[in-house]
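Q: Curious how this folds, go ahead:
(3 chains)
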Amino acid sequence: MATTTTNTTALASQSWYKRNEIAVTPWLFLIPGIAMFALYVIIPIFQSFYLSLFEWDGLGSLAKNGEYVGLEHYERLFTKDRAFNISLWNNLKWLVFYLLAIPGGLMVALFLNQKVFGIRLYKSLFFFPFVISQIVVGLVFTWFYDPQFGLSNWLIGLVGLPPINILGNPNTATYGIIAAGLWPQTAYCMILYLTGLNAVDPEQVEAARLDGAKGHKMLWYIIIPQLKPATFIAFVVTIIGALRSFDLISIMTNGGPFGSTRVLSFYMFEKSLSEYGFKMGYGAAIAVVLFLIMLVFIAYFLWSMYQDEKAAKH
Amino acid sequence: MFPTPIEKSSRQWQIGYQVLLPIVMLLWLAPLLAVALFSIRPDVDFTVGNYWGLPSSFEMLANYGQVFNSAMPKYILNSFIITVPTVIGAVALSCMTGFALGVYRFKGNLLIFFMFIAGNFIPFQILMVPVRDLTLDMGLYNTKTGLILFHVAFQTGFCTLFMRNFIRALPFELIEAARVEGIAEWRIFWYIVLPLMKPAIAALSVLIFTFIWNDYFWAIVLTTGENAQPVTAGITSFNAQFRAMYHLMSAGSIIAALPPVAMFFLMQKHFIAGLTLGAVK
Amino acid sequence: MRSMLKTSVAALATAAVMATGAFAAGHAEPLTGDLRINLDTSNPAPRATMEAMIARFQAKHPDLNITTTVIDREAYKTQIRNFLSADAPDVLTWYAANRMRPYVEAGLLEDVSDMWAEGTDIAQELASTKGAMTIDGKQWGVPYTYYQWGIYYRKDIYEELGLKEPANFDEMVANCEAMIASGRKCYTIGTKWLWTASGWFDYLNMRTHGFDFHMQMARGEIAWTDDRVRQTFANWRRLVDLGAFVDDHQNKDWQQSLPFLVDGSAGAILKGNFAVAPLREAGLTDDQLDFHQFPSITEGVALAEDAPTDTFHIAAGAQNKKAARAFLAHMASAEEQSIINNGENLGQLPVNANASIDDDKFLKEGFAMLSSNSPGGVAQFFDRDFPAEMAKAAMEGMQEFMVFPDNLDDILERLESVRQDTY
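A: This next block holds a predicted model:
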């Protein structure tokens, strides 16, 4: 900053630190954070790449017991491994359907954006599912779907339909889990939109009203453009959430029935650390694939943030 | 304001809305209410198939009492021992990184900032094998410390994003004025910036508390057994022990979910402020 | 040479200990130091049993500082690799056969062949399980219990319908038809954790083609697309097509499948003897619940049984191997095995031939079956006999088969490709 150069007169008598204070301080403040983050996050990402080139059962050290196999794991993933294909498809389903949380959240937010008695409590209660751990959400929905006593079948029964076993059928199980995931995620998006709606410029809304804009037209042309920051964040957190889905699957179906609800993150765990999994290298290869998928999104997120930064500077 | 305020609409719709609200809310929370209902039933209700009728007796005290007689209190204590230091550690580290990245202009600033963000966005499962090995090598496998260290490191990414943006929005003139006075940089951090960051610290603390409390994945990757495992992992052991005893499993789940819920209701304002940072420009 | 000498001296010492029956402090130098034991016996009864057994060992060796860690049984299966390589205890529980192979091959378990050497009590009294403890010609642990598998059925319902214990598969199917005609299911099962389905495969395969064929499969010598494998599945399909199994088994665990047997909506279950305790607890009396051996399918094929063996091992990284060996010897003695396996404790069968079997109808029947009516051989269990990766894929395929039997061709081809990769 400009301030450093102002009192140059005293330079000679100052210590090295004093002279370079402004240049050095940020690094002193950054070192602990960067060190921790590098040790636990950045380096392990590269270790995963490295590990994926080896056949290693995780027992004993990699150097001693690992066997270098090159890109064999990747070849196998993409040519032979059906479970991997299923996981990839399920990840895609998660990405697509999990995004329903965004319009869902917007709808709930519009519904709740009123000033009636007790609305604050209602908003809190609607948000409530997001605070509960996914483990509990998973348990709650497993019982909700239970073919014997589940509330879902009781509700279906009221309409006169026969009971269905959502989590037991490979065609419906993944959707059942995604629906469970949408519950807290919609709540999250709702709170983002409620905050966003608060900040909508009332003058613009009034002006549009005078022009005769109403209902969905008003929503589409006036409101939603103003909600763009909220939508961006909702999009980011929902994509991340979709690719991180693990807890719900682990609790609700454990990947079953017959492996039909696996996603990459779960399959990776199964291959490397679960009861029958001893393939650390193979698991790492799956990790790399998942990382590359996420990289597409991360690149997009960072690019839009970079644009914002640039805009902020000007 | 959008949608049109309810008080400006027709009388019928006003009443309709007031009626609709509780109904929609009950539907929204139905899965949870079902579990709450389960948790006060006697076990005989499950054997005779009385799932949705009135409980034949109210066994709230007995059911919850049994939860407290199991290993659950230990798991809950573990959760606190893991969560609180993590919150302190991650918030402390990110106050520093946020300060460095938000106040100073230097080469690589944006690069480092983006590194934190990118790291925070990754599906953390991909770190599983290396982090497990690292923890094993440090002799911290199956310790709360091992779990805390990882959580602190990983959450630093998110917290840095949060803190840096918050500090950017602070009035920079304050810092410049202090520098003109010749105040040392670390004093500027401690006496000027930090006090202004109180709302951000509160918001982040509540948020991180919930995130860490609800972590399940790392709990099962890095710990085992009731000496170190938090309640999210403990609940599965608890359920294994009381398999098919839905009244106890329900009560256990509710207990496990309670602390972050309490945190949310007590600190709602901070919580939402934390979550929605950036949702408004 | 020196180390060999050492081990044989140790073996002799152990043998001497075993021969005297009890290890009196005066016989050899007393055991000192720490002894760390990891247990997977997390359910209340087994836990208390093990702790009492350890306490009796402690009483004999007051100078030994014993620490016991009990880990949840399911969690243990994934934790074992971590603590073995990072923080090895001296003694640990695990399972026999292929289930211990990865750890043996990684050099994480101690070779205890010395304890099994010719002339030792263990060699004599535990001979029946030596094979299951052997990999590469060496022994890697000592068993403490085993239990039979078979069909536990509702005697009262069978009697009500005029059914008898089936002598062959046709009778079994006929029984099942009668059971279904009465509005019940024949067999309850919960396949969420997959292994229960492989119990059916073990029996159907061993009854259709015999023990040796089954073991050839386990060693990867038979293609899953082989016609003989298809024949096994064809037999299974007879039951599936009848609707013999309870609905929605794919998202129930085995405990959740028991209520169907208790309330009489299913007539039987294929399970290990560990199912008896929860069934009794749920209210079934010994007049209602009975046991029969899985009937013969192909005539002339010698009957073989599943009898999983649970074991103790010494970690390769153990600090106090001397005390660990003494502990294994203690646990293997006829006296201890009689106590820990009796009805109040594990309620299972002792491995030691000189141990007494508790006076329990299921244990007696199981013991008689295994010792005199299992000429074909004794298998451990599907996921202990088959290598981990094969087992996991195959069990998943079996679960799928039980729900969608028409997918069989696809399943078998998939398993065949896993087999080619695994072995």
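Q: can you pull the contacts of C:D156?
A: Shown in contact with C:D156 (C-beta atoms under 8 Å, 6 or more residues apart in numbering or on different chains): C:287-288. Just so you know, the C-beta spots here come from the backbone N, C-alpha and C atoms, and that holds for glycine as well.
Q: give me the element it is part of.
A: helix C:155-160 (DSSP states H and E).
Q: Same check on B:I254?
A: Here B:I254 is assigned to helix B:246-266, by DSSP H and E.
Q: Check C:D247 too.
A: Using DSSP H and E, no helix or strand contains C:D247.
Q: I'd like to know how many residues surround the closest residue in space to C:A45 that isn't next to it in sequence.
A: In this structure, C:A45 finds its nearest non-sequential neighbour in C:N345, 6.7 Å apart by C-beta to C-beta, 6 or more residues apart in numbering or on different chains. Neighbour count for C:N345, taken as other C-beta atoms under 10 Å in any protein chain shown: 19.
Q: Check the secondary structure at C:N345 for me.
A: coil (DSSP: H, G, I helix; E, B strand; the rest coil).
Q: ok, it touching C:Q337?
A: No: look at C:N345 against C:Q337 with C-beta atoms under 8 Å: they stay out of range, at 10.5 Å.
Q: ok, the residue nearest to C:A45 - contacts?
A: Contacts of C:N345 (C-beta under 8 Å, 6+ apart): C:45-46, C:48-49, C:52, C:339.
Q: please redo it, this time with the cut-off set to 10 Å
A: C:45-46, C:48-50, C:52-53, C:145, C:338-339, C:358 (C-beta atoms under 10 Å, 6 or more residues apart in numbering or on different chains).
Q: Domain boundaries for the chain, per the record?
A: This is for chain A. Split into domains by automatic domain parsing, chain A comes to A:13-40, A:67-138+A:176-313.
Q: Correction: the question concerned chain B.
A: B:1-30, B:68-275.
Q: Could I get the full set of strands for chain C?
A: Per DSSP state E, chain C carries strands over the ranges C:33-39, C:64-70, C:91-95, C:134-135, C:138-139, C:142-146, C:149-154, C:185-187, C:266-272, C:289-292, C:304-306, C:309-314, C:377-379.
Q: Show me whatever sits in contact with both of C:N345 and C:Q337.
A: C:53, C:145.
Q: where does the stretch 201-314 of chain A dip in pLDDT?
A: A:314 (pLDDT under 70).
Q: picking up where we left off before, ok, is whatever helix or strand comes next after the helix holding B:I254 in contact with chain A or not?
A: Per DSSP H and E, the first helix or strand lying C-terminal to helix B:246-266 is helix B:268-275. Yes: using C-beta under 10 Å from any C-beta of the partner chain, helix B:268-275 reaches chain A at B:268, B:271-273, B:275.
Q: Equivalent analysis for stretch B:89-107, please.
A: Yes: under the criterion of C-beta under 10 Å from any C-beta, chain A is reached by stretch B:89-107 at B:89-90, B:92-107.
Q: thinking again about what came up before, including mean neighbour count and distance to C:L412, could the domains of chain A go into JSON lines?
A: What follows is those, written out as JSON lines (neighbours: other C-beta atoms under 10 Å in any protein chain shown; distance: least, C-beta to C-beta, whole Å):
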{"stretch": "domain A:13-40", "mean neighbour count": "16", "distance to C:L412": "44"}
{"stretch": "domain A:67-138+A:176-313", "mean neighbour count": "19", "distance to C:L412": "13"}
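Q: Among the contacts of C:N345, name the buried ones.
A: C:46, C:49-50, C:53, C:145, C:338-339, C:358 (16 or more other C-beta atoms under 10 Å in any protein chain shown).
Q: Tabulate the residues you listed (TSV), appending distance to C:V112 and pLDDT.
A: TSV is the format used below for those (distance: C-beta to C-beta, whole Å; pLDDT from 0 to 100):
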residue	distance to C:V112	pLDDT
C:P46	23	85
C:T49	22	91
C:M50	19	93
C:M53	18	95
C:T145	18	93
C:S338	22	93
C:I339	22	93
C:D358	28	87
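Q: May I ask which two of the residues you listed are separated the most?
A: Spanning the widest gap among the buried ones among the contacts of C:N345 are C:M50 and C:D358, at 17.0 Å by C-beta to C-beta.
Q: So for chain C, which of the domains of chain B sits nearest?
A: When these are compared by C-beta to the nearest C-beta, domain B:68-275 sits nearest chain C, at 4.2 Å.
Q: Give me the longest helix you can find in chain A.
A: Selection of the longest helix in chain A by residue count, based on DSSP state H, yields helix A:280-313.
Q: can you tell me if it touches chain B.
A: Yes: shown here: helix A:280-313 in contact with chain B (C-beta under 10 Å from any C-beta) through A:280-281, A:283-284, A:286-291, A:293-295, A:297-299, A:301-302, A:305-306, A:308-310, A:312.
Q: Present the domains of chain A as CSV; the columns should include distance to C:A329.
A: Formatted as CSV, the domains of chain A follow (distance: least, C-beta to C-beta, whole Å):
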stretch, distance to C:A329
domain A:13-40, 45
domain A:67-138+A:176-313, 30
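Q: who wins for proximity to chain C among those domains?
A: domain A:67-138+A:176-313 (3.8 Å).
Q: From one end of that closest one to the other, what's the distance?
A: 51 Å (C-alpha to C-alpha, to the nearest Å).
Q: That one close to chain C?
A: Yes: counting by C-beta under 10 Å from any C-beta, chain C has neighbours in domain A:67-138+A:176-313: A:76, A:80-83, A:252-260, A:269-271, A:273-279, A:282.
Q: related to what we said a few turns ago, list just the nearest of the buried ones among the contacts of C:N345 to chain B.
A: C:P46 (12.6 Å).
Q: Look up the closest residue to the residue in the stretch 101-250 of chain A that chain B sits nearest to, ignoring the ones flanking it.
A: Residue of the stretch 101-250 of chain A nearest chain B, by C-beta to the nearest C-beta: A:S133 (3.5 Å). The shortest distance from A:S133 to any residue other than its chain neighbours is 3.5 Å, reached at B:N214 (C-beta to C-beta, 6+ apart).
Q: pLDDT wise, what is the one you found at?
A: You'll see B:N214 listed with a pLDDT of 93.
Q: give the contact list for it.
A: A:130-137, A:184, A:247, B:79, B:83, B:230-232, B:256-257, B:259-260 are the contacts of B:N214 under C-beta under 10 Å, 6+ apart.
Q: coming back round to it: what mean pLDDT does the helix holding B:I254 get?
A: 89.
Q: what angle sits between that helix and helix B:268-275?
A: 90 degrees (axes from the mean of the first three to the mean of the last three C-alpha atoms, to 10 degrees).
Q: Go through helix B:246-266 and flag the buried ones.
A: So helix B:246-266, judged by 16+ other C-beta under 10 Å, has buried residues B:246-257, B:259-260, B:263-264.
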